[in-house]
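Visitor: Pasted the sequence and its predicted model underneath.
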Amino acid sequence: MYQFIVTTMFCPDVFLKTKPLVQEKPFKCDQCDKSFAENCTLARHKHTHTGEKPYKCDQCGHCFAESYTLVRHRRTHTGEKPYKCDICGRSFAESYTLQRHKHTHTGLKPFKCDQCGKWFAEVYTLARHKHTHTGEKPFKCDQCGRCFAESYTLTRHKHTHTGEKPYKCEQCGKCFAESYTLTRHKHTHLGTKPYKCERCGKCFAESYTLVRHKNTHTQEDPYKCKQCDKCVPETYTLSVAGLEPAGSVLRVLPGSVLP
């Protein structure tokens, strides 16, 4: 063994030609013939056949088939997000979510739609996109009957009924109804501006601000006032004289018009 290590250290060709070690998997499932390297992994796997869920959350009583799933679930109670992006500072509850997020910085888009050929950085973004082809909206609000294409959109929508604002900024105590709104707010404390315009190099704290800024390069004026037909390049905060009490304002959102 010692002779092999010395040889490969000084001769890359020998190392490259050496066959990789194959990990043994001596523990075999007697129900599906799947094999595992460790007995404990086999024991966890067997729960998928028996339906057993021995790992119980002590806060909500929800049970899980595997211990690591319980660990991940507990973060929904504690709000813990131990995986931090070293580029923009955004934190995540799970490592794989961080890895997917990093695609937004690198520009990598490995997930392709088989219907239109469009590429996406994250698999769940592709899943959401596919609803634009099918028109499917399987998630229905039990209070108002409104349907949504994605489960998390329904969850966010429900806050409009309850008034709940579960996402709290640990620095200033301000609460938000949606997690992404909290994420945007945190940039005001961090001073980070991860969204950069590729034409002029100007940086922004929020993605939608970058989108609005790009209109200044294209000379596009997509926001129209219904009262005077004037168009502006950004979501201007417009004063509405005669329609509302003096000093009041309305924010015009993309694609919307004033009443």
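Guide: All right, it came through fine.

Visitor: from what I can see G89 touches G191, true?
Guide: No. The criterion here is Cβ atoms under 8 Å, and G89 misses it with G191 at 9.8 Å. For glycine as for every other residue, the C-beta is placed from the backbone atoms N, C-alpha and C.

Visitor: Next one: the closest residue to E122 other than its chain neighbours relative to L190, how far apart?
Guide: Using Cβ to Cβ, 6 or more residues apart in numbering and skipping the chain neighbours, the partner closest in space to E122 is R100 (4.4 Å). Per Cβ to Cβ, to the nearest Å, R100 is found 21 Å from L190.

Visitor: Of the two, which one has the most company?
Guide: Using other Cβ atoms under 10 Å as the criterion, R100 and L190 rank with R100 on top: 18 against 13.

Visitor: helix, strand or coil for the more buried one?
Guide: Following DSSP: H, G, I helix; E, B strand; the rest coil, R100 is assigned to helix.

Visitor: who touches it in this structure?
Guide: If you count contacts by Cβ atoms under 8 Å, 6 or more residues apart in numbering, R100 has them with 121-124.

Visitor: likewise K165?
Guide: For K165, the contacting residues are 159, 175-177, by Cβ under 8 Å, 6+ apart.

Visitor: Take the residues you listed and keep only those in strands.
Guide: Within the contacts of K165, residues falling in strands by DSSP state E are 175-176.

Visitor: ok, so of the contacts of K165, who is nearest S95?
Guide: Ranked by distance to S95 (Cβ to Cβ), the contacts of K165 are led by F176 at 24.6 Å.

Visitor: just to revisit the earlier point, out of the contacts of K165, which end up buried?
Guide: Using 16 or more other Cβ atoms under 10 Å as the burial test, these include 176-177 as buried.

Visitor: Between which two of the contacts of K165 is the distance greatest?
Guide: H159 and C175 (10.8 Å).

Visitor: Pull up the overlap in contacts between these two.
Guide: Taking Cβ under 8 Å, 6+ apart as the contact rule, the neighbours common to H159 and C175 are 165-166.

Visitor: helices and strands around whichever strand or helix holds R44, which ones?
Guide: R44 belongs to helix 39-50 when assigned by DSSP states H and E. On a contact count with 3 or more Cβ pairs under 8 Å, 6 or more residues apart in numbering; DSSP states H and E, helix 39-50 meets strand 27-28.

Visitor: Okay, now the sheet partners of the strand it packs on, with direction.
Guide: Strand pairing for strand 27-28, determined by DSSP bridges: strand 35-36 (antiparallel).

Visitor: what comes into contact with the strand it pairs with?
Guide: With Cβ under 8 Å, 6+ apart as the test, strand 35-36 has contacts from 25-29, 42, 45.
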